[in-house]
Every structure is written in structure tokens, then in C-alpha cells.
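Peer 1: Next input, structure requested:
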Amino acid sequence: MKKWIVAIIAIVCLALLAIFVKRVFDNTIQLNPVAFRMGSRSFRWYSVFIALGTVLGYLFMSLFGVRQGMKVEHIAQAFIMAIIFGVLGARLYYVFSRWDRYKDNPLEIFLTQRGGLAIYGAVLGGFLAITLYTRFKKNCSFTLFQGTDLAAAFLPLSQAIGRWGNFFNYEAYGSPTDLPWKMFIPFTHRMPGYERYEYFHPTFLYESFWDVLTFFILFFCYTKKRKHHGEVTALYFVVYSLGRIFIESLRLDSLYWGTWRAAQFTGVALIAIGLILLIIAAALYFFKFGKKGTRPKGRPAPKGGLSLPQRPGAPRLRPHRHKGGLPPSSIKVKKKNL
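Peer 2: Numbering: from 1, shown residues only. You can find the predicted model right below:
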């Protein structure tokens with residue numbers, strides 16, 4: 001399919017989505033959180049978008065991971081492990097932040113169908129899973145930071161898609177506002193103390209847009225500008241957290257650790273960790289390639305930023321070059337009769 005056809009289809013889809021969102025924001029259309037039913041079981045849009053983001057994330061990770069010499073079975077195993085640890089981390093993060101609610105009813109900790117997951121807990125749980133997998137998996141085809149870079153590059157895309165589940169649930173919105181893009185929230189979904197307000201900041205949309213921007217930044221770094229493994233991971237911590245700290249200040253349903261919003265506290269900590277990792281990466285690059293940041297002769301930068309891992313101790317192969325004419329293999333040498 002030609003690129004211009006794809007571009008036209010994408011523009012039309014985005015225009016239709018914008019019209020639909022505008023009508024929801026104006027209360028012309030009321031959303032149903034249930035996507036479909038199978039017998040007595042109902043499936044919510046929230047689950048659909050989470051599943052869609054997860055599947056797309058895995059497909060991209062597999063595609064780009066294999067290009068770098070990673071084994072697809074290792075990627076799949078680490079991904080499944082990251083999903084399990086991510087769900088556990090998201091729940092534990094939420095329970096810890098709302099411990100006053102659960103300490104007298106500990107069995108409610110296991111009732112996840114009532115909600116109660118936190119994205120930062122999922123992120124930390126996922127990175128912990130990759131750490132454990134690369135540590136204990138024999139003959140793993142990628143290192144810790146190779147794995148976290150691959151995950152960090154495509155995680156924002158999954159997050160951007162998943163945030164639209166909040167849209168259908170009328171949740172994760174912000175404080176009241178009169179801005180042109182204000183979102184109408186039905187009375188039954190309004191936070192206590194805000195029942196008299198009708199329009200609020202669509203913070204789910206802010207974060208979805210920020211996730212898309214983060215994805216483009218990290219994808220460009222991952223495929224074009226990366227010099228050391230771990231840089232994309234550090235950049236994810238910094239870029240995503242910067243946006244999340246600001247957006248969190250608008251939300252009405254924030255989790256708190258004392259007087260601190262939990263997401264802002266975690267964001268500040270991750271920014272600090274990310275900056276430390278970036279400083280270390282810059283120092284390594286400086287000492288390796290000199291003050292001007294130039295590479296030594298005979299070591300050209302890998303094109304596109306993606307390079308296959310080499311076997312330790314393997315000799316470097318240089319392409320044979322000849323000056324003009326036919327390659328040496330095609331030149332026939334005539335022996336003189338003596």
C-alpha cells in the first residue's frame with residue numbers, strides 16, 4: 001500500500017476520533033464502559049485498551065529485539081514475566097498507598113475487579129522482572145540494559161493506548177475547568193465535594209498525548225542516537241516522569257504518601273536515577289572517544305543506531321575495497337609464455 005494512502009487513512013481516522021471525543025466532552029454522547037458481553041460476563045473498554053496496548057507493545061519489542069540478535073523466545077519469556085510482575089507491582093503500589101483502607105480488610109487486597117492499579121507500580125515491577133530474568137536465565141541473548149532499553153522504547157506507546165480506558169470509565173480526570181477542551185463528567189462519576197461542577201480537565205488525554213510524545217523521543221533515541229545500553233531506560237525515567245509530575249498536580253484522585261502525591265514522589269526519584277544514568281553514560285562516552293566525542297579511526301558509528309551484538313573475542317571484519325574497475329575476483333590474469 002502506498003504511503004500517501006496510509007497517510008490519508010490515518011488523517012481521516014484521527015479526524016473522526018477528534019469529532020467523537022469532542023461530542024463526548026460536550027455531553028452529546030454518553031459513554032458505556034462495557035465493550036461487549038459473552039454470556040453473563042462483561043468485558044469493559046478499559047480491559048480492551050490495556051490488552052491492545054500490551055499486544056502492540058510485544059509485537060514491536062519482538063520485531064526490534066530480533067533485529068538486534070535477541071532470541072524471540074527469550075523476549076516472550078521476559079515479556080510474560082514482566083506482565084506478571086507488573087500486575088503485582090501495580091496492585092502492591094496501590095495497596096501500600098491506600099493501606100488505611102486495606103489494613104482492616106486484608107482480603108480486599110485480592111479483589112482487583114474493583115480497581116486499584118497504579119502505573120508506576122507496574123513499571124517498577126516490569127523492570128524488576130527483566131532484572132531477574134537476565135540475572136538467572138542461562139545463556140540469555142540480551143543483557144539487563146539491552147532488555148530495559150527495548151521495553152522502555154515501546155512502553156510509552158502501550159501506556160498511551162491504555163489511557164483511553166480511563167476515558168470510557170470517566171476516571172483519572174482533573175480539577176474543574178472552563179477551558180475549551182473541558183470534559184463533561186456525569187454526576188455519578190464525580191469525586192466527593194465536586195458534585196456541583198460539570199466540566200473537568202481531561203488529564204487522561206494529557207497523559208496519553210505526553211506518552212505519544214515520549215514514545216517518539218525514545219524511539220528516535222533507540223534507533224538513531226543511542227551510544228550505550230541503558231540510555232533509553234534513563235531517558236524514559238526522566239521524560240515520562242517530567243510530564244507525569246505536572247499532570248498529577250491536576251488530578252483529583254491522586255494517591256498520597258503523607259503530604260506527598262505518590263506519583264510525584266516516585267517521579268522525582270526516577271528523574272534523579274535517570275539523570276545519574278545519563279551522566280554515567282556521557283562520562284563513559286567521553287573517556288572512550290576523547291574530549292571532542294570523535295570515534296577512533298577504524299570504528300565507524302553503526303548506521304541507524306542498531307548494531308548486532310558481537311561474540312566476545314571475535315575479530316573485526318573490514319570490507320575489502322578496491323579503487324575503480326571490476327572487483328579483484330572478476331579480473332582474469334593472463335600468464336605470459338616464457
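Peer 1: Low-confidence bits of the stretch 201-338 of the chain, can you list those?
Peer 2: Across the stretch 201-338 of the chain, the ranges flagged by pLDDT under 70 are 289-338.
Peer 1: Give the buried residues for the host helix or strand of L63.
Peer 2: Assessed by DSSP states H and E, L63 sits inside helix 45-67. Residues of helix 45-67 classed as buried: 45-46, 48-50, 53-54, 57-58, 60-62, 64-65 (neighbour count, 16 or more other Cβ atoms under 10 Å). From N, CA and C alone the C-beta is placed, and that goes for glycine too.
Peer 1: Which neighbouring elements make contact with that helix?
Peer 2: Contacts defined by 3 or more Cβ pairs under 8 Å, 6 or more residues apart in numbering; DSSP states H and E place helix 45-67 against strand 34-38, helix 72-97, helix 144-162, helix 164-169.
Peer 1: winner for burial among the ones you listed?
Peer 2: When those are scored by mean count of other Cβ atoms under 10 Å, the highest mean neighbour count falls to helix 144-162 (a mean of 24).
Peer 1: Run the angle between it and helix 45-67 for me.
Peer 2: 150 degrees (axes from the mean of the first three to the mean of the last three Cα atoms, to 10 degrees).
Peer 1: how much does helix 144-162 deviate in direction from helix 72-97?
Peer 2: Computed by the same axes, to 10 degrees, the angle separating helix 144-162 from helix 72-97 equals 70 degrees.
Peer 1: Could you list every helix and strand in contact with helix 144-162?
Peer 2: Short answer (3+ Cβ pairs under 8 Å, 6+ apart): helix 144-162 packs on helix 45-67, helix 72-97, helix 119-136, helix 203-220, helix 231-248.
Peer 1: State the mean pLDDT of it.
Peer 2: For helix 144-162, mean pLDDT is 95.
Peer 1: Kindly format the C-alpha coordinates of that helix as PDB.
Peer 2: Output of helix 144-162 as PDB, limited to C-alpha atoms (Å, rounded to 0.1, in the frame of the first residue of the first chain):
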ATOM      1  CA  LEU A 144      19.900  -6.100  31.600                       C
ATOM      2  CA  PHE A 145      20.100  -2.700  30.000                       C
ATOM      3  CA  GLN A 146      19.500  -4.200  26.500                       C
ATOM      4  CA  GLY A 147      16.300  -5.600  27.800                       C
ATOM      5  CA  THR A 148      15.200  -2.500  29.700                       C
ATOM      6  CA  ASP A 149      16.000  -0.300  26.700                       C
ATOM      7  CA  LEU A 150      13.900  -2.400  24.400                       C
ATOM      8  CA  ALA A 151      11.000  -2.300  26.900                       C
ATOM      9  CA  ALA A 152      11.300   1.500  27.600                       C
ATOM     10  CA  ALA A 153      11.300   2.300  23.900                       C
ATOM     11  CA  PHE A 154       7.800   0.900  23.400                       C
ATOM     12  CA  LEU A 155       6.300   1.100  26.800                       C
ATOM     13  CA  PRO A 156       5.000   4.700  26.300                       C
ATOM     14  CA  LEU A 157       3.100   3.600  23.200                       C
ATOM     15  CA  SER A 158       1.300   0.900  25.300                       C
ATOM     16  CA  GLN A 159       0.600   3.500  28.000                       C
ATOM     17  CA  ALA A 160      -0.800   6.000  25.500                       C
ATOM     18  CA  ILE A 161      -3.300   3.400  24.300                       C
ATOM     19  CA  GLY A 162      -4.200   2.100  27.800                       C
END
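Peer 1: Fine by me, thanks again.
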